[in-house]
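> structure here, sequence nowhere to be found:
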Ligand SMILES: C[S@@+](CC[C@H](N)C(=O)[O-])C[C@H]1O[C@@H](n2cnc3c(N)ncnc32)[C@H](O)[C@@H]1O
(Lines give C-alpha, C1' and ligand atoms only; values in the text may rest on other atoms or scores of the structure.)
Protein backbone atom coordinates (compact mmCIF):
# COMPACT_ATOMS: atom_id res chain seq x y z
CA UNK A 1 0.00 0.00 0.00
CA UNK A 2 2.75 2.35 1.05
CA UNK A 3 4.92 1.62 -1.97
CA UNK A 4 1.84 2.06 -4.17
CA UNK A 5 1.20 5.59 -2.83
CA UNK A 6 4.83 6.67 -3.12
CA UNK A 7 6.63 7.70 -6.30
CA UNK A 8 10.36 7.13 -6.04
CA UNK A 9 11.00 8.81 -9.41
CA UNK A 10 12.50 12.24 -8.85
CA UNK A 11 11.43 15.30 -10.88
CA UNK A 12 13.94 17.92 -12.04
CA UNK A 13 12.71 20.44 -9.47
CA UNK A 14 12.86 17.91 -6.66
CA UNK A 15 16.35 16.90 -7.73
CA UNK A 16 17.47 20.55 -7.53
CA UNK A 17 16.10 20.88 -3.99
CA UNK A 18 17.77 17.70 -2.72
CA UNK A 19 20.98 18.45 -4.64
CA UNK A 20 21.23 21.88 -2.95
CA UNK A 21 20.58 20.32 0.48
CA UNK A 22 23.34 17.73 -0.05
CA UNK A 23 25.82 20.38 -1.19
CA UNK A 24 25.00 22.59 1.79
CA UNK A 25 25.33 19.73 4.30
CA UNK A 26 28.38 17.90 3.00
CA UNK A 27 29.85 19.85 0.11
CA UNK A 28 29.12 17.09 -2.39
CA UNK A 29 28.26 18.66 -5.71
CA UNK A 30 26.03 16.51 -7.92
CA UNK A 31 25.40 17.28 -11.57
CA UNK A 32 21.95 16.67 -13.06
CA UNK A 33 23.24 13.40 -14.49
CA UNK A 34 23.31 12.12 -10.90
CA UNK A 35 19.51 12.16 -10.43
CA UNK A 36 19.55 8.36 -10.70
CA UNK A 37 22.01 8.27 -7.76
CA UNK A 38 19.64 10.20 -5.54
CA UNK A 39 16.77 7.96 -6.58
CA UNK A 40 18.70 4.77 -5.95
CA UNK A 41 20.29 5.90 -2.69
CA UNK A 42 17.47 7.86 -1.07
CA UNK A 43 14.25 6.14 -2.19
CA UNK A 44 14.19 3.80 0.81
CA UNK A 45 14.84 6.61 3.28
CA UNK A 46 12.11 8.71 1.71
CA UNK A 47 9.61 5.86 2.09
CA UNK A 48 10.76 5.09 5.65
CA UNK A 49 10.26 8.78 6.50
CA UNK A 50 6.61 8.48 5.48
CA UNK A 51 7.08 10.94 2.62
CA UNK A 52 5.25 10.42 -0.66
CA UNK A 53 7.43 12.68 -2.77
CA UNK A 54 11.00 13.98 -2.76
CA UNK A 55 9.60 17.50 -2.31
CA UNK A 56 7.94 16.42 0.93
CA UNK A 57 11.15 14.63 1.90
CA UNK A 58 13.16 17.77 1.20
CA UNK A 59 10.90 19.87 3.44
CA UNK A 60 11.16 17.27 6.19
CA UNK A 61 14.97 17.20 6.14
CA UNK A 62 15.17 20.99 5.79
CA UNK A 63 13.53 21.37 9.20
CA UNK A 64 16.88 20.16 10.54
CA UNK A 65 15.36 18.52 13.61
CA UNK A 66 16.12 14.88 12.80
CA UNK A 67 19.84 14.28 13.29
CA UNK A 68 19.51 10.53 12.74
CA UNK A 69 17.78 10.97 9.39
CA UNK A 70 20.42 13.51 8.35
CA UNK A 71 23.19 11.05 9.26
CA UNK A 72 21.46 8.29 7.28
CA UNK A 73 21.20 10.52 4.22
CA UNK A 74 24.88 11.45 4.47
CA UNK A 75 25.79 7.77 4.79
CA UNK A 76 23.68 7.07 1.71
CA UNK A 77 25.01 9.83 -0.53
CA UNK A 78 28.71 9.49 0.29
CA UNK A 79 30.81 7.05 -1.72
CA UNK A 80 32.96 5.07 0.71
CA UNK A 81 34.95 3.10 -1.86
CA UNK A 82 38.46 2.39 -0.55
CA UNK A 83 41.03 -0.38 -0.30
CA UNK A 84 44.18 -1.39 1.52
CA UNK A 85 47.34 0.36 0.37
CA UNK A 86 45.32 2.14 -2.32
CA UNK A 87 47.65 3.24 -5.16
CA UNK A 88 50.67 1.96 -3.16
CA UNK A 89 52.80 5.06 -3.86
CA UNK A 90 51.62 7.12 -0.83
CA UNK A 91 52.82 4.32 1.44
CA UNK A 92 56.13 4.05 -0.44
CA UNK A 93 56.51 7.82 0.06
CA UNK A 94 56.11 7.34 3.82
CA UNK A 95 58.44 4.34 3.97
CA UNK A 96 61.21 5.70 1.72
CA UNK A 97 61.07 9.48 2.22
CA UNK A 98 58.95 10.77 5.08
CA UNK A 99 59.61 8.24 7.86
CA UNK A 100 63.43 8.30 7.38
CA UNK A 101 63.36 12.13 7.34
CA UNK A 102 61.17 12.35 10.46
CA UNK A 103 63.31 9.70 12.12
CA UNK A 104 66.44 11.78 11.50
CA UNK A 105 64.77 14.95 12.79
CA UNK A 106 63.62 13.12 15.93
CA UNK A 107 67.17 11.88 16.53
CA UNK A 108 68.53 15.43 16.13
CA UNK A 109 65.91 16.81 18.51
CA UNK A 110 64.41 18.94 15.70
CA UNK A 111 60.97 17.50 16.41
CA UNK A 112 59.25 15.67 19.25
CA UNK A 113 56.64 13.76 17.25
CA UNK A 114 54.89 13.35 13.92
CA UNK A 115 51.23 14.13 13.33
CA UNK A 116 49.42 12.65 10.35
CA UNK A 117 45.79 13.23 9.34
CA UNK A 118 43.82 10.90 7.12
CA UNK A 119 41.01 13.28 6.11
CA UNK A 120 38.09 11.27 4.68
CA UNK A 121 39.34 7.90 5.92
CA UNK A 122 36.15 6.05 4.95
CA UNK A 123 36.10 2.55 6.49
CA UNK A 124 39.67 2.81 7.79
CA UNK A 125 41.81 1.04 5.20
CA UNK A 126 43.90 4.19 4.58
CA UNK A 127 44.96 4.96 8.18
CA UNK A 128 45.42 1.25 9.00
CA UNK A 129 47.61 0.82 5.90
CA UNK A 130 49.65 3.77 7.11
CA UNK A 131 50.02 2.35 10.61
CA UNK A 132 51.12 -1.00 9.14
CA UNK A 133 53.65 0.87 6.97
CA UNK A 134 55.06 2.44 10.12
CA UNK A 135 55.28 -0.99 11.76
CA UNK A 136 57.12 -2.34 8.72
CA UNK A 137 59.54 0.59 8.87
CA UNK A 138 60.19 -0.13 12.55
CA UNK A 139 60.81 -3.81 11.79
CA UNK A 140 63.55 -2.78 9.35
CA UNK A 141 65.07 -0.01 11.48
CA UNK A 142 65.30 -1.43 14.97
CA UNK A 143 66.95 1.62 16.54
CA UNK A 144 64.38 4.01 15.07
CA UNK A 145 63.13 7.00 17.03
CA UNK A 146 59.80 6.72 15.27
CA UNK A 147 58.47 4.12 17.72
CA UNK A 148 55.54 5.69 19.55
CA UNK A 149 56.25 9.06 17.91
CA UNK A 150 53.63 9.00 15.14
CA UNK A 151 50.04 9.91 15.91
CA UNK A 152 47.39 9.35 13.27
CA UNK A 153 44.05 11.15 13.22
CA UNK A 154 41.43 9.65 10.91
CA UNK A 155 38.18 11.49 10.17
CA UNK A 156 35.16 11.14 7.93
CA UNK A 157 31.68 12.60 7.64
CA UNK A 158 29.98 9.19 7.32
CA UNK A 159 29.02 7.69 10.68
CA UNK A 160 28.58 4.18 9.32
CA UNK A 161 31.97 4.24 7.58
CA UNK A 162 33.63 5.55 10.75
CA UNK A 163 31.96 2.90 12.93
CA UNK A 164 33.39 0.16 10.75
CA UNK A 165 36.78 1.89 10.74
CA UNK A 166 36.83 2.17 14.53
CA UNK A 167 35.80 -1.45 14.99
CA UNK A 168 38.71 -2.65 12.83
CA UNK A 169 36.66 -5.71 11.87
CA UNK A 170 36.66 -6.73 8.23
CA UNK A 171 35.21 -9.69 6.35
CA UNK A 172 37.27 -11.71 3.88
CA UNK A 173 35.96 -9.76 0.90
CA UNK A 174 37.11 -6.44 2.36
CA UNK A 175 40.44 -7.99 3.34
CA UNK A 176 41.01 -9.41 -0.14
CA UNK A 177 41.03 -5.90 -1.62
CA UNK A 178 44.69 -4.96 -1.57
CA UNK A 179 45.98 -6.41 1.70
CA UNK A 180 49.16 -8.49 1.23
CA UNK A 181 48.73 -11.98 2.72
CA UNK A 182 51.73 -11.56 5.04
CA UNK A 183 50.19 -8.38 6.52
CA UNK A 184 46.98 -10.26 7.18
CA UNK A 185 48.96 -12.78 9.22
CA UNK A 186 51.07 -10.15 10.95
CA UNK A 187 48.52 -7.48 11.77
CA UNK A 188 45.13 -9.25 12.06
CA UNK A 189 43.63 -12.00 14.10
CA UNK A 190 40.87 -14.16 12.73
CA UNK A 191 37.61 -14.60 14.65
CA UNK A 192 35.17 -16.73 12.73
CA UNK A 193 34.55 -14.97 9.44
CA UNK A 194 36.04 -11.71 10.64
CA UNK A 195 39.58 -10.39 10.52
CA UNK A 196 40.27 -8.04 13.40
CA UNK A 197 43.05 -5.46 13.30
CA UNK A 198 45.55 -6.03 16.11
CA UNK A 199 45.01 -3.81 19.14
CA UNK A 200 48.31 -1.93 18.84
CA UNK A 201 47.52 -0.95 15.25
CA UNK A 202 43.97 0.04 16.19
CA UNK A 203 45.13 2.06 19.17
CA UNK A 204 47.67 3.98 17.09
CA UNK A 205 44.80 5.78 15.36
CA UNK A 206 42.22 8.24 16.70
CA UNK A 207 38.98 8.12 14.73
CA UNK A 208 36.55 11.01 14.89
CA UNK A 209 33.71 12.43 12.83
CA UNK A 210 34.51 15.56 10.85
CA UNK A 211 32.79 17.38 8.05
CA UNK A 212 35.49 18.93 5.86
CA UNK A 213 33.27 22.02 5.62
CA UNK A 214 33.96 22.71 9.30
CA UNK A 215 36.90 24.57 10.82
CA UNK A 216 40.15 22.61 11.18
CA UNK A 217 41.46 24.82 13.95
CA UNK A 218 40.46 22.45 16.79
CA UNK A 219 42.58 19.72 15.16
CA UNK A 220 45.87 21.56 15.62
CA UNK A 221 48.77 21.33 13.17
CA UNK A 222 49.91 18.34 11.10
CA UNK A 223 53.10 17.22 9.42
CA UNK A 224 51.29 15.22 6.75
CA UNK A 225 47.70 15.31 5.48
CA UNK A 226 46.28 12.58 3.27
CA UNK A 227 43.23 13.90 1.47
CA UNK A 228 42.65 11.33 -1.19
CA UNK A 229 39.68 10.71 -3.45
CA UNK A 230 37.29 13.03 -1.69
CA UNK A 231 37.77 16.48 -3.25
CA UNK A 232 36.64 14.98 -6.58
CA UNK A 233 33.10 15.22 -5.21
CA UNK A 234 33.33 18.93 -4.37
CA UNK A 235 32.81 22.15 -6.35
CA UNK A 236 35.84 24.09 -7.56
CA UNK A 237 35.13 26.80 -5.00
CA UNK A 238 34.89 24.37 -2.07
CA UNK A 239 38.08 22.62 -3.23
CA UNK A 240 39.97 25.93 -3.20
CA UNK A 241 38.66 26.76 0.31
CA UNK A 242 39.57 23.27 1.50
CA UNK A 243 43.13 23.47 0.20
CA UNK A 244 43.54 26.89 1.85
CA UNK A 245 42.38 25.41 5.19
CA UNK A 246 44.79 22.49 4.74
CA UNK A 247 47.70 24.89 4.07
CA UNK A 248 46.82 26.60 7.33
CA UNK A 249 46.75 23.39 9.36
CA UNK A 250 50.10 22.08 8.07
CA UNK A 251 53.34 22.73 9.90
CA UNK A 252 56.02 24.62 7.92
CA UNK A 253 57.21 22.35 5.09
CA UNK A 254 54.26 20.01 5.74
CA UNK A 255 53.18 17.40 3.22
CA UNK A 256 49.86 16.95 1.39
CA UNK A 257 49.10 13.70 -0.42
CA UNK A 258 46.18 13.59 -2.87
CA UNK A 259 44.58 10.72 -4.78
CA UNK A 260 46.31 9.33 -7.88
CA UNK A 261 44.03 11.20 -10.29
CA UNK A 262 44.03 14.46 -8.32
CA UNK A 263 46.23 17.53 -8.50
CA UNK A 264 46.44 21.10 -7.23
CA UNK A 265 46.87 22.64 -10.67
CA UNK A 266 44.64 25.64 -11.08
CA UNK A 267 43.90 25.73 -7.33
CA UNK A 268 46.96 27.03 -5.47
CA UNK A 269 50.67 27.86 -5.75
CA UNK A 270 51.25 27.31 -2.02
CA UNK A 271 52.81 23.88 -2.56
CA UNK A 272 55.80 22.44 -4.36
CA UNK A 273 55.13 19.25 -6.31
CA UNK A 274 57.52 16.39 -5.45
CA UNK A 275 57.93 12.95 -6.96
CA UNK A 276 58.92 9.57 -5.66
CA UNK A 277 58.90 6.64 -8.08
CA UNK A 278 55.47 6.69 -9.67
CA UNK A 279 54.00 8.76 -6.85
CA UNK A 280 53.54 12.49 -6.36
CA UNK A 281 53.07 14.58 -3.25
CA UNK A 282 53.01 18.24 -2.30
CA UNK A 283 55.19 20.12 0.16
CA UNK A 284 54.05 23.43 1.64
CA UNK A 285 56.36 26.17 0.35
CA UNK A 286 58.32 28.48 2.58
CA UNK A 287 58.78 25.98 5.37
CA UNK A 288 61.69 26.20 7.77
CA UNK A 289 62.13 22.41 7.98
CA UNK A 290 64.55 20.72 5.60
CA UNK A 291 63.29 20.03 2.11
CA UNK A 292 61.93 16.53 1.69
CA UNK A 293 62.32 14.50 -1.52
CA UNK A 294 62.76 15.49 -5.16
CA UNK A 295 61.05 18.35 -6.95
CA UNK A 296 58.94 16.97 -9.78
CA UNK A 297 59.74 18.12 -13.31
CA UNK A 298 57.18 20.49 -14.83
CA UNK A 299 55.39 18.00 -17.02
CA UNK A 300 55.01 15.21 -14.49
CA UNK A 301 51.68 16.34 -13.08
CA UNK A 302 50.07 16.27 -16.48
CA UNK A 303 51.70 12.92 -17.34
CA UNK A 304 50.66 11.13 -14.20
CA UNK A 305 47.42 12.79 -13.35
CA UNK A 306 46.05 13.49 -16.78
CA UNK A 307 44.69 16.92 -17.58
CA UNK A 308 44.09 19.09 -14.50
CA UNK A 309 40.39 19.29 -15.31
CA UNK A 310 40.11 15.54 -14.74
CA UNK A 311 40.43 16.17 -11.02
CA UNK A 312 39.48 19.77 -10.65
CA UNK A 313 35.89 19.35 -11.76
C1 LIG B 1 36.03 7.53 -1.92
S2 LIG B 1 36.23 7.66 -0.18
C3 LIG B 1 37.98 7.87 -0.06
C4 LIG B 1 38.57 7.08 1.07
C5 LIG B 1 40.10 7.09 1.16
N6 LIG B 1 40.59 8.43 1.38
C7 LIG B 1 40.70 6.50 -0.08
O8 LIG B 1 41.28 7.23 -0.90
O9 LIG B 1 40.61 5.28 -0.26
C10 LIG B 1 35.59 9.31 0.09
C11 LIG B 1 35.23 9.56 1.54
O12 LIG B 1 35.00 10.96 1.70
C13 LIG B 1 34.00 11.14 2.69
N14 LIG B 1 33.42 12.49 2.57
C15 LIG B 1 32.61 12.99 1.61
N16 LIG B 1 32.26 14.26 1.89
C17 LIG B 1 32.88 14.58 3.04
C18 LIG B 1 32.92 15.76 3.85
N19 LIG B 1 32.25 16.88 3.52
N20 LIG B 1 33.64 15.73 4.98
C21 LIG B 1 34.34 14.62 5.34
N22 LIG B 1 34.34 13.48 4.63
C23 LIG B 1 33.62 13.45 3.48
C24 LIG B 1 33.01 10.02 2.39
O25 LIG B 1 32.20 9.72 3.50
C26 LIG B 1 33.94 8.87 1.99
O27 LIG B 1 34.20 8.00 3.05
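Here it is on my side, so go on. Only a predicted model underlies this, so the values are computations on that prediction, with no experimental measurement involved.
> how long is stretch 115-135 from one end to the other?
In stretch 115-135, first residue to last residue: 16 Å (CA to CA, to the nearest Å).
> got the buried residues for stretch 245-261?
For stretch 245-261, the buried set under the neighbour-count rule, 16 or more other CB atoms under 10 Å, comprises 246-247, 249-251, 253-260. To be clear about C-beta, it is placed using only N, CA and C from the backbone, and glycine gets the same treatment.
> now flag whichever of these is closest to the ligand.
Using CB to the nearest ligand atom, residue 259 is the member of those that lies nearest the ligand, at 5.6 Å.
> wouldn't the closest one be in contact with residue 232 here?
Yes. When contacts are counted by CB atoms under 8 Å, residue 259 is listed as touching residue 232 (7.1 Å).
> most widely separated two among the buried residues of stretch 245-261?
The largest separation in the buried residues of stretch 245-261, counting by CB to CB, is between 251 and 260 at 24.8 Å.
> now intersect the buried residues of stretch 245-261 with the strands, please.
Assignment to strands by DSSP state E places the following of the buried residues of stretch 245-261 there: 250, 251, 253, 254, 255, 256, 257, 258.
> isn't the last one right next to residue 228, touching?
Yes. With the criterion set as CB under 8 Å, residue 258 and residue 228 qualify as a contacting pair; they are 5.9 Å apart.
> report the contact partners of residue 11.
54, 55 (CB atoms under 8 Å, 6 or more residues apart in numbering).
> what's the spacing between it and the ligand?
As judged by CB to the nearest ligand atom, to the nearest Å, residue 11 and the ligand stand 26 Å apart.
> and which of the ones in strands among the buried residues of stretch 245-261 is nearest residue 166?
For residue 166, the closest of those turns out to be residue 257, at 22.5 Å, with distances computed as CB to CB.
> for the closest one, which residues are in contact?
Contacts of residue 257 were listed using CB under 8 Å, 6+ apart, and they are 90, 93, 224, 225, 226, 227, 228, 281, 282.
> so the last one belongs to a helix, correct?
No. When classified by DSSP: H, G, I helix; E, B strand; the rest coil, residue 282 is found to be strand rather than part of a helix.
> wait, it sits on residue 272?
Yes. The pair residue 282 / residue 272 is scored as a contact, 6.9 Å apart, by CB under 8 Å.
> ok, these two, which is more surrounded?
For the pair residue 282 and residue 272, the greater number of neighbours falls to residue 282 (24 against 18), based on other CB atoms under 10 Å.
> just grab the bridge partners of the more buried one for me.
According to DSSP bridges, the partner residues bridging residue 282 are residue 256, residue 273.
> before we move on, what about residue 227?
The residues listed as beta-bridge partners of residue 227 by DSSP bridges are residue 258.
> show me what contacts it?
The neighbours of residue 227, taking CB under 8 Å, 6+ apart as the test, are 119, 120, 242, 246, 256, 257, 258.
> what's the spacing between it and residue 23?
Using CB to CB, to the nearest Å, one gets 19 Å for the distance from residue 227 to residue 23.
> confidence-wise, which helix or strand of this protein is lowest on average?
helix 309-312 (a mean of 28; mean pLDDT, DSSP states H and E).
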